[in-house]
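**Q** test case, fold it:
(2 chains)
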Amino acid sequence: DGGITQSPKYLFRKEGQNVTLSCEQNLNHDAMYWYRQDPGQGLRLIYYSQIVNDFQKGDIAEGYSVSREKKESFPLTVTSAQKNPTAFYLCASSIPGETQYFGPGTRLLVL
Amino acid sequence: SQQGEEDPQALSIQEGENATMNCSYKTSINNLQWYRQNSGRGLVHLILIRSNEREKHSGRLRVTLDTSKKSSSLLITASRAADTASYFCATDAAGRRALTFGSGTRLQVQP
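**A** Just a heads-up that it's a prediction; the model follows:
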């Protein structure tokens, strides 16, 4: 899991609620990423950021939002617009174009 | 989009045997990376191979890359029960600043 932490490990969301997943890294990496993984599937890119105060939509950004105010932090908000949020969420960081290092993940469940 | 596709989807072998997993992709790449994921955990980086490289080794792991066929293979020699996991290939494609993952190969090593 390297120098990337994600919290919480489990998160429960009620209908209509926004929830925020935390991702912090101490690897001094410029680039950070959020992926979603559904059971038995590979990872799909939600958002990524190559530098502070800049981020780009990935393949499945609808219903999600991010911010990148600090180099170390890249929180992901799952909004009420995301109708099927139950999944395993993985954060990663890297030097752009190099190996990505992943956090331990957050499992989001809907009540 | 799932650019990298692994084959087979599932593989069951006996301890001590070799395991080979294949990955095919569609577009030009800068590099290709292999990851391992134990059930419910984050991804662990195994090997990164660049587009101008043909083969890389790391311990019991051997990765090959054939850019003319747009394919890669991961060989695990003398497998152990602890190698039981899902293995993913991920491509860093030219013009895309994030990885694209395949759906993975689930490896079961029987003791």
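**Q** so in chain B, where's the weakest helix or strand by average pLDDT?
**A** Ranked by mean pLDDT, DSSP states H and E, the helix or strand of chain B with the weakest confidence is strand B:5-7, at a mean of 84.
**Q** just the strands in chain A please.
**A** A:4-7, A:10-13, A:19-25, A:31-37, A:43-51, A:54-57, A:64-66, A:76-78, A:87-94, A:101-102, A:106-110 (DSSP state E).
**Q** show me what the third one is in contact with.
**A** Yep, that's strand A:19-25 we're talking about. A:3-8, A:11, A:13, A:32, A:34, A:72-78, A:89, A:91, A:93, A:101, A:103, A:106, A:108 (C-beta atoms under 8 Å, 6 or more residues apart in numbering or on different chains). Backbone N, C-alpha and C define where each C-beta goes, glycine included.
**Q** rerun at 7 Å
**A** A:3-7, A:11, A:13, A:32, A:72-78, A:89, A:91, A:93, A:103, A:106 (C-beta atoms under 7 Å, 6 or more residues apart in numbering or on different chains).
**Q** one more: the last one?
**A** Defining contact as C-beta under 7 Å, 6+ apart, one finds that strand A:106-110 is touched by A:6, A:8-13, A:21, A:78, A:85-89.
**Q** partners of that strand, with directions?
**A** Applying DSSP bridges, strand A:106-110 is found paired with strand A:10-13 (parallel), strand A:87-94 (antiparallel).
**Q** from the chain's centre, how far out does the shortest one sit?
**A** It refers to strand A:10-13. On the basis of C-alpha atoms, centre = their mean, to the nearest Å, strand A:10-13 sits 14 Å off its chain's mean C-alpha point.
**Q** got the buried residues for it?
**A** For strand A:10-13, the buried set under the neighbour-count rule, 16 or more other C-beta atoms under 10 Å in any protein chain shown, comprises A:L11, A:R13.
**Q** contacts for it next, please.
**A** With C-beta under 7 Å, 6+ apart as the test, strand A:10-13 has contacts from A:V19, A:L21, A:V78, A:P85, A:T106, A:R107, A:L108, A:L109, A:V110, A:L111.
**Q** filter these to the buried ones?
**A** Buried by 16+ other C-beta under 10 Å: A:V19, A:L21, A:V78, A:P85, A:T106, A:L108, A:V110, out of the contacts of strand A:10-13.
**Q** what's the spacing between the second one and A:E72?
**A** Distance from A:L21 to A:E72, counting by C-beta to C-beta, to the nearest Å: 15 Å.
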